[in-house]
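Q: Dropping a prediction and its sequence here:
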Amino acid sequence: MDPITFTGLVASVIEIANFFRQIGRTPTPEGILREFRSRERDDRNLPWRIEVTDNQIIQASSQMLTLESSDKIFIERIQERCLKRLEAAARDYNLPEADLDIVHEEVRHCVCDNIAIARRRHQGSLTSDPLKDWFRQFGCNRL
C-alpha cells in the first residue's frame, strides 16, 4: 500500500472510531469496516476515494484500537502505581522535604520504567499526549 493510501486509511479509521464513540458505540474492526464501506457507497463520486481491501481495513482498525487501548492501560497504571504515591507524599505535611525528594525520585523511576515498556510496545515511539508529557516532566530521557 502506498503512503498516501495508508494515510487516508488510517485517518478514516480514526475518524470512524471517534464517530462511534460520539454516538455511544464501541468501535470494533468489523464495525469500522461496515461504516467505511457504507460511507464509501455514499461518497462514490468523490475524487479522494481510496482503494483498500476489507482485510486492510480490518488490519488497520485492529492496530489502531490496540494502540489506543494499550496507551490507556499504561496511563492508568502510571496514575495508580506511581502518581498517587507522589500525590499522597506531597499532601503529607509532616513528611520532611528530604523524604519527599526520595519519594519523587522513586516515582520518577516508576513513571519512566512504565513509559519505557509502553515505548517498546510501540517500536520506540510515544503515541499519547499524557505519556509524552510525563516523559518530559519526569526527565525520562536522562535515566
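A: Right, received. Where do you want to start?

Q: Might one say that T5 is in contact with T53?
A: No - in this structure T5 lies outside contact range of T53 using Cβ atoms under 8 Å: 11.0 Å. To be clear about C-beta, it is placed using only N, CA and C from the backbone, and glycine gets the same treatment.

Q: pLDDT score assigned to P27?
A: At P27 the predicted local confidence, pLDDT, stands at 90.

Q: That one: helix or strand, and which one exactly?
A: When secondary structure is defined using DSSP states H and E, no element contains P27, which sits outside every helix and strand.

Q: how near is it to E68?
A: Separation of P27 from E68 (Cβ to Cβ, to the nearest Å): 9 Å.

Q: in the chain, what spans have low per-residue confidence?
A: Within the chain, the ranges that satisfy pLDDT under 70 run 44-49.

Q: Go again with 90.
A: Low-confidence segments of the chain, defined by pLDDT under 90, are located at 1-12, 14, 17-18, 21, 24, 26, 39-51, 62-73, 118-129, 142-143.

Q: which one of P27 and E68 has more residues nearby?
A: In terms of neighbours (other Cβ atoms under 10 Å), P27 is the more surrounded of P27 and E68; the figures are 20 against 15.

Q: How many residues are close by P130?
A: Neighbourhood size, P130 [other Cβ under 10 Å]: 15.

Q: about what we covered before: more neighbours: T5 and T53, which one.
A: Comparing T5 with T53 by neighbour count (other Cβ under 10 Å), the higher total belongs to T5, at 13 against 9.
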